[in-house]
Every structure is written in structure tokens, then in C-alpha cells.
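Peer 1: Turn this into a model:
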Amino acid sequence: MSGRNLAFKRNASQVSIHKDCFQNECKAKNAVDGITNEWFWNKCSLSSDEENPWWNVDLGIEAIIHNLHIVGFKDVKQTYQIEIKSSTGINNFHRVVTAAANVDTNINVIGRVVNLTREVKGRLHICEVYVYDDCQENMCGYDCKKPCHCRDATIWDKLSGNCSNGCTDEWEGSQCNIQAEETFDCASGRYGRNCMNRCNKNCKGDQRRFCSTTDGSCFGGCNDGWKGNLCDEACYEGYYGQNCSTKCSDYCHGGKGYCNKIDGNCKFGCMIGWTAPLCDQACSSGMYGHRCAYKCSQQCDKQECNNTDGRCTRGCIPGWTGEKCRKPCSSGMYGHRCAYKCSQQCDKQECNNTDGWCTRGCIPGWTGEKCRKRVYSFNLKYIIASV
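Peer 2: Got it, this is the predicted structure:
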């Protein structure tokens, strides 16, 4: 972690303040005062017992957020839902982390508002939040409001105003604040003033032929995973491919930020019920579960089931019950949804769970597959005597 902490003394808010806190204690601003008071509970931000309690900080500007460092109270384990939103409220980042005391998470997104939510009912206790970020391209100064013409400017360049890697085209001076004369023609593969710069290797195709000799822009666009006129900007988390225009699947294990920026393959596999490598297709019909390795129950109607947990989506074939249709009808019942009673004339009232045939035969005086036909007996002696 290095550079500016843009959360310092910015406008912070939280869902509520705990009832045991006095004036200036447990407030949201205590988590951005630059003081790590992880052993003094009332010097931190502390909410009441709430359902999904939240805390957030408005950085005041949109910036490129590289790293988030959260200091909790002592070694109390908490699960945070981290969200980073733009000035217009668009959610550019989402991640769930669980840790005791300190949380470090690396990020590379543009945002203005950092929101933390505890995903259970209880208190949210945060002692300090550090947001390490960088100004957007071409902007410098601690508040990122000063135009900047440094080439490949580091955070320290943007804070100091000095350009350690030289100036962008058409600018010169130690702080690159003097506009230079027009650039001139260069040999293929180079561009800029005095032809000091090489075309970016991420230009699509042969970069020596597809790069402007004046400003280095890539005529043929960028290789997958890169964007910008110079093809020097990697895709933000959650995007990949040509011009970073395709969203990673929501079903990548760990969230859509965990996909390869070139081809979109999910780095850590898929969530349950989805297939690799892009995790954008549910298990094929009849399969479910982790890596789609399990077959739906044969007793599912048409053998169709939910791709994640195997529950039969169309119900069960006759004779079976339960979410996964693995339980036969209870004794004395049969058929669709086990809704029919076995014939009272079945021996011990037991029958086949699917079609109701009496499995032990019939009680005396009855016959047939379901024992529904009465047997009539005749007295042979009486018939002979009467003849």
C-alpha cells in the first residue's frame, strides 16, 4: 500500500450509532480520521444492532481505487460486503470478504463511494478505512483536480508535480507544463517528440505498422484485454475481451471480477450448476451440481432438475416424492404425487408405489391386479343334490 489515502477526513455516514456511545463517540467519521484505535471500541465507528448494517465514505471525486485496507475492532471476525460506486450510483465493484481485525483487498476500478455492509444482523464495528487510489489519467494533485501531462505518471509524480518518466507528446519541462512544438515523422514502430517512444505491444496486429507516429494511437485497435488509444489500459475488474466490452460471467467462482481479462475464462472455476471455462452456461439437461458432475434423479419427471441443487423442477414420476424424488410413496399410497390409496382388498393394504398393483396379493374373496374384483363361491354339494 502506498500513495494517497483519499478517504482521510472525507464525508462518511453509517446506518446508526450504538446506544451506549456518548457525543463524538462511535460516529462514521471516526473511521476516516487517520487514527487506528482498534483497542478503544468507542473511538471507532459502531452501529446499533441492525439487519445488514452499513457504513460508507464519499471520496469527493472519482478516482482509480487500487487498494482498500479495513481495520476492525481487535480480532473480532466480520464478513463485509464491499461495494464501490460511481458518481451516478453505478456499482463498479462487489466483493465479499471475511476476516478478523484487518482486511486488505486489491482493486482496480474507478469509483467515488465506498460502501461496507455486514451481511448478518448485528453491529458493524470499523476502526479505520484507508482507500489507496490514484487520479484518473491526465489529472494530478492530491485532490486530482490539476491537469497532468506526465508520461506513465506514478502516484508520487501526481502528488509532487514532477514527471519521472518524461512528458506526453506536445509537452515539456520538469513538470511537463510547457506546450512543445509539433512532433515530426518517425520510423515505423516509434512515435512522439524525437521519436523516443515505442508503439505499445498491445496494439492489435503488427504494432510497428498500426501505430501513429505522432501520438502512438493504435490504428487497428487493441489486443483482447486492453483498451485506450495507446492500448495501455488493462480491462477493469469484471470485463474482458476486445475493447474490454464483454462482462465476465456472474457465475465465476468468487464473482464476476475473477475472470481472465483476455478470454473471459473464470480463474477459479464456476459456481455450482455452471460449466467452464466461461461459466455462462448452466449444466446440460439431466445434470447438476459442482462441475455438473451429478445426474438428476431418474424419478424426476423427464429427468429434469435444478442445475444447482438437483431439485426436480417438473415434479416426480408416479410413485415417488421429495424435492429430488428419491423417496417412494409411503406405505398404502401410490401414483402421481402419491395421491392415491392402495385398494383395501390388497393384502395388508400394500401395493406397488407406481401403479397400485397389490404386491402381496388379495385378501380372501377378491382378485385382480388391484384386488377390485369380488370372487363368488358356490356350494357344490347343494348344486348336486338339487339335480
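Peer 1: Quick check: bridge partners of residue 130?
Peer 2: Note on residue 130: beta-bridge partners by DSSP bridges are residue 69.
Peer 1: where are the low-confidence patches of the stretch 151-300 of the chain?
Peer 2: Applying pLDDT under 70 to the stretch 151-300 of the chain flags the ranges 180-185, 193, 206-210, 257.
Peer 1: let's see it at 90
Peer 2: Scanning the stretch 151-300 of the chain for pLDDT under 90 picks out the ranges 151-221, 229-230, 232, 236-238, 243, 250, 252-259, 266-271, 276, 290-291.
Peer 1: now residue 94: how far from residue 82?
Peer 2: In this view, residue 94 and residue 82 are 7 Å apart by Cβ to Cβ, to the nearest Å. Just so you know, the C-beta spots here come from the backbone N, C-alpha and C atoms, and that holds for glycine as well.
Peer 1: So residue 29 belongs to a helix, correct?
Peer 2: Yes: assignment of residue 29 by DSSP: H, G, I helix; E, B strand; the rest coil places it within a helix.
Peer 1: quick one: contacts for the residue nearest to residue 22 when sequence neighbours are not counted?
Peer 2: Sequence neighbours aside, residue 42 is the residue nearest to residue 22 in space, at 7.6 Å (criterion: Cβ to Cβ, 6 or more residues apart in numbering). Counting by Cβ atoms under 8 Å, 6 or more residues apart in numbering, residue 42 makes contact with 20-22, 25-26.
Peer 1: again, only using 6 Å
Peer 2: 21, 25-26 (Cβ atoms under 6 Å, 6 or more residues apart in numbering).
Peer 1: Let me see the confidence value for it.
Peer 2: On pLDDT, residue 42 comes in at 80.
Peer 1: Secondary structure of it: a helix, I assume?
Peer 2: Yes: the assignment for residue 42 (three-state DSSP) places it in a helix.
Peer 1: which residues sit in contact with residue 376?
Peer 2: Residues near residue 376 by Cβ under 6 Å, 6+ apart: none.
Peer 1: Next: residue 301.
Peer 2: 314-315, 317.
Peer 1: Give me the distance between it and residue 325.
Peer 2: Where residue 325 is concerned, residue 301 sits at a distance of 8 Å (Cβ to Cβ).
Peer 1: any common contacting residues for those two?
Peer 2: Residues touching both residue 301 and residue 325 by Cβ under 6 Å, 6+ apart: none at all.
Peer 1: Excluding chain neighbours, give the residue nearest to residue 26 in space.
Peer 2: residue 46 (4.0 Å).
Peer 1: Correct me if wrong: residue 265 contacts residue 275.
Peer 2: No: judged on Cβ atoms under 6 Å, residue 265 makes no contact with residue 275 at a distance of 11.8 Å.
Peer 1: What mean pLDDT does stretch 323-333 get?
Peer 2: Stretch 323-333 carries an average pLDDT of 93.
Peer 1: Likewise for stretch 372-387?
Peer 2: On average, stretch 372-387 scores 63.
Peer 1: same check, this time on stretch 28-35
Peer 2: So the average pLDDT for stretch 28-35 ends up being 88.
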